[in-house]
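> Return atomic coordinates for the entry below.
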Amino acid sequence: MNTLMSNGWELIVNGSQLLAAETDSYKLTSFSSFNDSFQVLKTADVFVNKSQHDIEINKILNQFILKDDITKVIYQTSAWCHENETMILEKVEHFQIKSSGTRTTQEFNPFIIIETEKMNYSIHLLPVGDWEININRMTGREAAYLISLGLKSENLHMTVKSESVIYLPECLIQFSKSKDIYANAMNFHRYLNENFKKSEKKIPIVYNSWFYDFDKFTVDDLKEQVKAAKLLGMEAFVVDAGWYGPSNDDWYQAAGDWREKTNGAFYEKMKAFSDYIISEGLSFGLWIEPERICEGVPVLFEHPDYFIKSDNGHYYHDLTKQKVRQFFYDTISSLIDQYQVTWLKIDYNFPLANDCYHNHFYSYIYYLYQIMRELREKYPNVVFEGCESGAMRFDLKSNQHYDVHFLSDNVNPADALTIYMNSLLRMSPNSIYKWVVIREIGDIPQYTRPLKEARRRLITPKGATWEAFESVEASFILALAVSGYPGFSGDIASLTGDNIKTVKKFLDVYKENRELIRNCHAYVYHDEDMNIKSFEWKAYHLSHQYNEKILLFCYRLDSSEENCIIKMKEIDATRNYLVKHSQGKEMTVSGEELIHGLSVNLKGRYTAELIEIKII
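This is a model prediction of the structure:
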């Protein structure tokens, strides 16, 4: 039985707490709908100032009352390179999570799971500006909690102009009697796929220049990577930071000056490089960080009234002004047109400060997303990537305005696997873009082999730079990449022999299953679903919306066990399946056998296998 019910809003206007949903001055309306198929409630509230004078909102939170004992709250902390860390809290009395500086997923993610004896409630907030979620136990003999969420309240002085409308953050609440949070998440993916418009674009396989030599590349360097990208079957080539700022050798301090570099990179000839990329049969892509304006760039002197001073020498656009929104839009549009860009990586590397409108950047984000909608309408064939300092604004609202979202600046495959699997509690896999960052090196001794016979090794960063690195097996990093949208960086021109063959093989699987991935949901297997003694195996599968095909991804981490038996989900016991291992083995297996357990064997630590399972 559902014990969660709406309790209206907590509303403070002009310093006074109000209970009425409508007065002579304002009207607060909730538009809610319930999806029976997926048991998801959607709320969307609208505040209208009906008066002839401005109104100041000091608090406006959506409220629900839960009349039951909370046994557990699951939430996620998030920090740069440590995103989506799942936490469990028991015996809750008072609980709050919130964001700041428009980094909506930096400290916490706008998402919680509330578990009671009878029900699980997965609550997702779609923030516009900074946000908060609160749980407070109510006084009295009966167990009851007040749950409130929405625009951040602390020091809120939000001016609502006469006869204007404020669209408040939407909320999604999933109801389930199941305690299997991954099964609930899988059904939530299905809900998102059916009710939130996905990108219809064919997402290409991308090479990005960043991890080759960061911003210190040359044209000759990049042309070597272009040849390799073409050989391996990649489809787009993206130039990352370092191409702009005429005489500035620091990519970070040149943001906002989108003129080409004169003393490095392409020496003002990036259009020729773009033409070269296109002539090689690849799409051309570009990195930009349009939100950040650095001290000293020309636009600050040309349009001083366009920008608001933040901190650390940074400025941001005053998007409340129509002329500034047009300037922001034109800046991006001109780059797309000039260089024939078909993949635009949009970054965001600073938290906003100096909230001069005192609305926790509501108006800034509202107009930013309006601009993104207009750009996507004008350029239907451009893929817009949300990078945002490596997923520091990776929420369900932001996700609606990009075709793909970058998972994390932490490209270490073991870390990225954990970050990705945790992200699946709140995001659909068909919105997530991950990188394979590799270089191939030789002359590394191997035990029992003479040095001259030692095989060449792949290395990958341990985090977000090459300061520390480690060896990696190709199967592990490639399986992770193709469980979603894959990208590459590093020195792919260094690859030889078997590594080239392995990359091609995995990319062929991705291309064959690209449509499945665009429409997929995911299930993450629990340890008890895998017949192993240690917890050093991980597995999940991606499935087509009609369950005709499953892609199973299995990872052996630091486990001494070579074999794992996975009790498959989403299998029809009455049907037969063709099981195709990435190592080449194929067999026909009954659905009943798969439910009982599919045996996976991986000989080495930190290796992986992709298994295709299809109804026959």
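
> Need the residue closest to the centroid of the protein.
residue 405 (4.1 Å; CA atoms, centre = their mean).

> tell me what the strand or helix carrying it is packed against?
Using DSSP states H and E, residue 405 sits in strand 404-406. Secondary-structure packing of strand 404-406 (3 or more CB pairs under 8 Å, 6 or more residues apart in numbering; DSSP states H and E): strand 383-386, helix 388-391, strand 432-441. Placement of C-beta: from N, CA and C, glycine included.

> Worst mean pLDDT among the ones you listed?
Mean pLDDT per stretch puts helix 388-391 lowest among those, at a mean of 92.

> where's the strand holding residue 405 relative to the chain centroid, distance-wise?
In terms of CA atoms, centre = their mean, to the nearest Å, the gap separating the centre of strand 404-406 from the centre of its chain is 5 Å.

> ok, now stretch 282-301?
Chain-centre distance of stretch 282-301: 22 Å, with CA atoms, centre = their mean.

> Also stretch 15-25?
Per CA atoms, centre = their mean, the displacement of stretch 15-25 from the mean C-alpha position of its chain is 38 Å.

> For the residue nearest to the centre of the chain, give me its contacts.
Contacts here follow CB atoms under 8 Å, 6 or more residues apart in numbering; on that basis residue 405 touches 385-386, 388, 391, 394, 398-399, 427, 431-433.

> re earlier: what lines up beside the strand holding residue 405 in the sheet?
Sheet pairing of strand 404-406 (DSSP bridges) gives strand 383-386 (parallel), strand 432-441 (parallel).

> give the contact list for residue 508.
residue 233.

> List the buried residues in the helix or strand containing it.
Taking DSSP H and E as the criterion, residue 508 maps to helix 497-512. Residues 499-500, 502-503, 505-507, 509-510 are the ones in helix 497-512 that count as buried (16 or more other CB atoms under 10 Å).

> just the helices in the chain please.
For the chain, applying DSSP state H gives helices covering 181-195, 210-213, 219-232, 270-279, 298-302, 322-339, 362-378, 388-391, 396-399, 413-423, 474-482, 497-512, 514-518, 591-596.

> how big is the angle separating the fourth one from helix 219-232?
Here helix 270-279 runs at 20 degrees with respect to helix 219-232, directions being taken by axes from the mean of the first three to the mean of the last three CA atoms, to 10 degrees.

> Number the chain from 18, please
Sure, I'll start counting at 18 from here, so that last one is helix 287-296.

> ok, residue 554 to residue 489 distance?
Separation of residue 554 from residue 489 (CB to CB, to the nearest Å) stands at 18 Å.

> Before we move on, what's the pLDDT of residue 18?
48.

> ditto for residue 551
According to the prediction, residue 551 has pLDDT 68.

> Can you tell me the closest non-neighbouring residue to residue 66?
residue 177 (4.5 Å; CB to CB, 6 or more residues apart in numbering).

> For beta bridges, what are the partners of the one you found?
Note on residue 177: beta-bridge partners by DSSP bridges are residue 72.

> any idea how far residue 32 is from the residue of the chain most remote from its centre?
Distance from the C-alpha centroid of the chain peaks at residue 467, with 44.5 Å (CA atoms, centre = their mean). Look at residue 467 and residue 32: by CB to CB, they are 80 Å apart.

> Ok, residue 280 next?
With CB to CB as the criterion, residue 280 and residue 32 are 56 Å apart.

> quick one: which of these two has more around it?
residue 280 (11 against 8; other CB atoms under 10 Å).

> burial count for residue 535?
By the criterion of other CB under 10 Å, residue 535 has 17 neighbours.

> So it sits against residue 220, correct?
Yes: contact between residue 535 and residue 220 holds when scored by CB atoms under 8 Å: they sit 7.3 Å apart.

> Isn't residue 433 up against residue 439?
No: Residue 433 is beyond contact range of residue 439, at 10.8 Å (criterion: CB under 8 Å).

> With neighbour numbers in mind, choose between those two.
Neighbours per residue (other CB under 10 Å) separate residue 433 from residue 439, with residue 433 holding more: 23 against 18.

> For the more buried one, give its distance to residue 98.
Note on residue 433: its distance to residue 98, by CB to CB, is 10 Å.

> can you list the domains in the chain?
21-212, 538-632 (automatic domain parsing).

> Include distance to residue 266 when you put those into TSV, please.
Formatted as TSV, the domains of the chain follow (distance: least, CB to CB, whole Å):
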stretch	distance to residue 266
domain 21-212	24
domain 538-632	38
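
> And these: which comes nearest residue 394?
Nearest to residue 394 among the domains of the chain is domain 21-212 (18.9 Å), distances taken as CB to CB.

> Show me what stretch 86-106 is in contact with.
Outside stretch 86-106, the residues that touch it by CB under 8 Å, 6+ apart are 107, 109, 112, 114, 122-126, 128-134, 152, 160, 162, 198, 406-409, 411, 424-427, 432, 436, 439-440, 442-443, 480-481.

> Any quick ChimeraX command for the buried ones out of the residues you listed?
In ChimeraX syntax, the buried subset of these is picked out as below (16+ other CB under 10 Å):
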select :109,112,114,122,123,125,126,128,129,130,131,132,133,152,162,198,406,407,408,409,411,424,425,426,427,432,436,439,440,442,443,480,481
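
> Cross the contacts of stretch 86-106 against strands and list the overlap.
112, 114, 125-126, 128-133, 152, 162 (DSSP state E).

> and which of those residues is nearest residue 251?
Ranked by distance to residue 251 (CB to CB), these are led by residue 126 at 31.4 Å.

> If you drop the residues flanking it in sequence, what lies closest to the closest one?
residue 93 (4.2 Å).

> Check residue 381 too.
In space, residue 381 is closest to residue 336, 5.4 Å off (CB to CB, 6+ apart).

> Please report the number of neighbouring residues for that neighbour.
22.

> and it, what are its phi and psi?
Phi and psi for residue 336, reported as degrees, to the nearest 10, are phi -70, psi 0.

> distance of it from residue 307?
With CB to CB as the criterion, residue 336 and residue 307 are 11 Å apart.

> if I look at these two, which residues touch both of them?
Residues touching both residue 336 and residue 307 (CB under 8 Å, 6+ apart) are residue 345.

> wouldn't residue 47 be in contact with residue 62 here?
Yes: in this structure, residue 47 is within contact of residue 62 by CB under 8 Å, at 4.9 Å.

> Common neighbours of the two, please.
Counting by CB under 8 Å, 6+ apart, the shared contacts of residue 47 and residue 62 are residue 79.
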